[in-house]
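1. compute the structure for the input listed below.
(one chain, ligands or ions: 3)
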Amino acid sequence: TLMASVVPQTGTSHGVSVSEILAVRELDVDSETKDDGRWQKMPQKSTEAYPYAFTVSYVERAWQHRWRCSDVTFHCLEGALCQQWVQTIREQLTALTSRPKHLLVYINPYGGKQQGERIYEQKVAPLFTLASISTHVIVTEHANHARDHLRTEAELKKYDGVVCVGGDGMFSEMVHGLVSRTQRDNGVDQNSPEEKLVPCTLRIGIIPAGSTDCICYATVGINDPVTSALHIIVGDAQPMDVCSVHHNNTFLRYSVSLLGYGFYGDVLADSERKRWMGPARYDFSGFKTFLTHHYYEGTVSFLPATDILGTPRDKTRCRAGCFICQHNGQLYSEDHQPLFLLPEYKGGWRVIRGKFLAINAASMSCACPRSPKGLSPAAHLADGTTDLILVRKCSRFNFLRHLLRHTSKYDQFDMNFVEVHRVRRFRFTPRYCQSDSELDLRENGKRLFSQICRDHPACSCSPAYSSWNCDGEILPHAAIEVGCVTTPYNLLCKYTVHSESI
Ligand SMILES: CCCCCCCCCCCCC/C=C/[C@@H](O)[C@H](COP(=O)(O)O)NC(=O)CCCCCCCCCCCCCCC
Ligand SMILES: Nc1ncnc2c1ncn2[C@@H]1O[C@H](COP(=O)(O)OP(=O)(O)O)[C@@H](O)[C@H]1O
Ligand SMILES: [Ca+2]
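-> Ligands and ions are numbered 1, 2, ... in the order given. Okay, the predicted model is just below:
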């Protein structure tokens with residue numbers, strides 16, 4: 001903490017913790033007072049008495065998890081003393097090893113309201129410069145540009161972290177690029193659902209510039225580019241669960257936020273064709289999908305997580321330094337064989353057959369401005385589990401009540417057609433098998449105009465399949481197998497997060 005022999009310009013005392021200092025610079029008091037006339041604003045006494053000064057830029061906590069960069073100028077009597085302060089602060093800052101010095105930045109110019117480049121240039125780049133962070137910036141030219149660059153070309157050794165400017169889709173690209181590369185470098189076969197993933201060492205920072213940005217919101221507590229930039233600068237980190245999604249022993253994708261079949265799958269499929277609407281496309285497609293009210297038949301099998309602390313309906317909330325994540329993470333420490341991989345645990349699979357409006361797996365709360373408590377408010381960022389939410393066929397009115405509860409204090413799980421389970425793995429099989437030709441059609445982006453309703457050909461009831469919404473990307477396969485893995489053993493990426501409660 002800075003104090004004592006230097007006096008801030010207001011003449012009052014001012015404490016700044018070194019871990020929250022962004023930069024320090026010496027001021028030439030005389031020329032500055034001539035330049036911008038600030039001289040007059042200062043109390044005459046302090047400026048006359050203290051001719052030397054330096055300015056410290058630091059993190060100021062504002063309302064609702066918002067962080068801002070603030071300046072305070074300290075004055076002192078002797079030039080040597082002033083220099084000594086500046087030098088000491090710089091040394092202390094250099095000693096903070098968790099802070100990044102070189103960052104690789106990817107900007108999606110088409111995310112959200114298409115403001116990614118502007119947000120980065122105006123709000124983020126000046127802060128990185130202030131904090132003496134060097135950057136290499138890539139504005140993406142097409143979808144999967146960032147993923148493929150990270151996976152094959154990027155010289156990762158040169159960087160302390162990567163930053164994405166965009167939404168959840170862009171974050172997902174980064175996870176795929178980094179995780180795939182790490183597995184390949186370590187000889188891990190991604191296609192084997194049982195194989196443990198090797199954690200990747202680089203951290204990923206997000207500057208929110210997408211449509212939902214729930215990964216940013218659920219970790220930092222607010223979608224605000226300046227706040228995220230400051231978390232990145234001070235080197236905050238948060239481990240995160242990653243689910244791997246397979247189909248017939250073939251790797252499909254990773255998921256870090258929402259894997260949703262039925263309602264959220266249909267909302268996404270419809271909204272992709274309305275990208276021009278920006279973030280409002282989700283509300284439009286949400287309303288439309290709500291009215292269509294399709295349900296899907298199938299079987300969900302899952303392996304409940306029985307060896308952990310916490311349940312999806314308890315009142316705990318995952319915050320920085322979360323005790324539950326720490327405790328459950330220890331279950332994976334080097335000398336422990338994760339219990340769920342033991343044969344006796346494997347007997348614990350449960351099977352539920354039914355007609356579902358939605359099947360959602362939330363690996364984190366999925367809190368976002370639309371629903372500040374999220375899809376599963378008690379889910380944990382890094383406990384190695386995902387919350388499986390099953391919404392059975394019910395009336396439109398009841399489904400609306402369920403949706404509305406995501407936006408209020410009422411419990412969205414306290415309804416007789418909703419159940420929630422905290423699971424290690426799960427599997428979904430639709431009632432009717434998808435033929436390869438249908439899968440091909442879907443994979444090539446040509447959505448089946450009206451899927452065949454096999455029970456009643458010619459009626460207007462629900463189609464046989466939905467698609468999975470995997471962090472905002474469409475998966476054409478209905479039948480999938482999902483496993484959730486976490487730090488410090490299995491997972492993956494660390495992500496910048498608030499160092500206090502969010
Ligand atoms: C009636 C109001 C109901 C509000 C219900 C809100 C529930 C919201 C839960 C949102 C969970 C979001 C999980 C995040 C997923 C993202 O990874 C993913 C990708 O994000 P990106 O675009 O930034 O890349 N985003 C999404 O898939 C978007 C999902 C958005 C769902 C919006 C649903 C709106 C529902 C409106 C129903 C309206 C019924 C009105 C009837 C009168
Ligand atoms: N230069 C680009 N042109 C087109 N699509 C891109 C580009 N860069 C990234 N994408 C893709 O845009 C999609 C949406 O990105 P995202 O940043 O998540 O925005 P949003 O939150 O609006 O969906 C992702 O699927 C990503 O792969
Ligand atoms: Ca989790």
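
2. C-alpha only now, for contacts and for neighbours.
-> Will do.

3. contacting residues for the spatially most central residue of the chain?
-> In the chain, the residue lying closest to the centroid (C-alpha atoms, centre = their mean) is residue 215, at 2.4 Å. Applying C-alpha atoms under 8 Å, 6 or more residues apart in numbering to residue 215 gives the contacts 168, 256-257, 366-367.

4. try it again at 10 Å.
-> 167-169, 171-172, 206, 208, 221, 223, 240, 256-258, 364-368, 381, 471, 495 (C-alpha atoms under 10 Å, 6 or more residues apart in numbering).

5. cool, and residue 387?
-> Listed by C-alpha under 10 Å, 6+ apart, the contact set of residue 387 reads 258, 304-305, 311-312, 360-365, 375-380, 420-424.

6. parallel or antiparallel, which strands does the helix or strand it falls within pair with?
-> Element membership of residue 387, judged by DSSP states H and E, is strand 386-392. Strand 386-392 has its sheet partners listed here by DSSP bridges as strand 350-362 (antiparallel), strand 418-430 (antiparallel).

7. show me which positions of the first one end up buried.
-> By neighbour count on 16 or more other C-alpha atoms under 10 Å, the buried set for strand 350-362 is 354-362.

8. got the domain ranges for this structure?
-> 7-94, 102-240, 245-485 (automatic domain parsing).

9. could you dump the buried residues of strand 350-362 into TSV with distance to ligand 3 and pLDDT added?
-> TSV is the format used below for these (distance: C-alpha to the ion, whole Å; pLDDT from 0 to 100):
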residue	distance to ligand 3	pLDDT
354	25	95
355	26	96
356	23	97
357	23	97
358	19	97
359	16	97
360	13	97
361	10	96
362	7	96
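
10. need those in JSON lines (columns: distance to residue 466).
-> As requested, the buried residues of strand 350-362 are exported to JSON lines (distance: C-alpha to C-alpha, whole Å):
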{"residue": "354", "distance to residue 466": "15"}
{"residue": "355", "distance to residue 466": "12"}
{"residue": "356", "distance to residue 466": "11"}
{"residue": "357", "distance to residue 466": "10"}
{"residue": "358", "distance to residue 466": "10"}
{"residue": "359", "distance to residue 466": "10"}
{"residue": "360", "distance to residue 466": "12"}
{"residue": "361", "distance to residue 466": "15"}
{"residue": "362", "distance to residue 466": "18"}
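
11. quick one on the thing from earlier: of the contacts of residue 215, which fall within the contact range of ligand 1?
-> 167-169, 257-258, 366, 471 (C-alpha under 6 Å from any ligand atom).

12. which residues of the stretch 51-200 of the chain lie near ligand 2?
-> So the stretch 51-200 of the chain meets ligand 2 at 108-112, 140-144, 166-170 (C-alpha under 6 Å from any ligand atom).

13. what secondary structure does the closest residue to residue 120 other than its chain neighbours sit in?
-> Nearest non-adjacent residue to residue 120, counting by C-alpha to C-alpha, 6 or more residues apart in numbering: residue 165, 7.2 Å away. Here residue 165 is recorded as strand under DSSP: H, G, I helix; E, B strand; the rest coil.

14. quick one, what contacts residue 165?
-> So residue 165 contacts 105-109, 111, 115-117, 119-120, 124, 139, 171, 205-210, 225 (C-alpha under 10 Å, 6+ apart).

15. one step back: does the strand holding residue 387 come close to ligand 1?
-> No: judged by C-alpha under 6 Å from any ligand atom, strand 386-392 stays clear of ligand 1, getting no closer than 12.2 Å.

16. point out where the protein drops to low pLDDT.
-> 1-12, 30-49, 331-347, 434, 436-439, 441-461, 485-502 (pLDDT under 70).

17. same thing but at 80, please
-> Scanning the chain for pLDDT under 80 picks out 1-15, 28-50, 193-199, 329-347, 432-462, 483-502.

18. interface residues of it facing ligand 2?
-> Counting by C-alpha under 6 Å from any ligand atom, the chain sits next to ligand 2 at 108-112, 140-144, 166-170, 210-212.

19. which ones among the residues you listed lie within strands?
-> The strands, defined by DSSP state E, take in residue 166 from those.

20. of the residues of the chain next to ligand 2, keep whichever come out buried.
-> Buried among the residues of the chain next to ligand 2 (16+ other C-alpha under 10 Å): 108-112, 140, 144, 166-170, 210-212.

21. the helix ranked longest in the chain: what's the following helix or strand?
-> Counting residues, the longest helix found in the chain (DSSP state H) is helix 168-185. Following helix 168-185 in sequence order, the next helix or strand is strand 203-208 (DSSP H and E).
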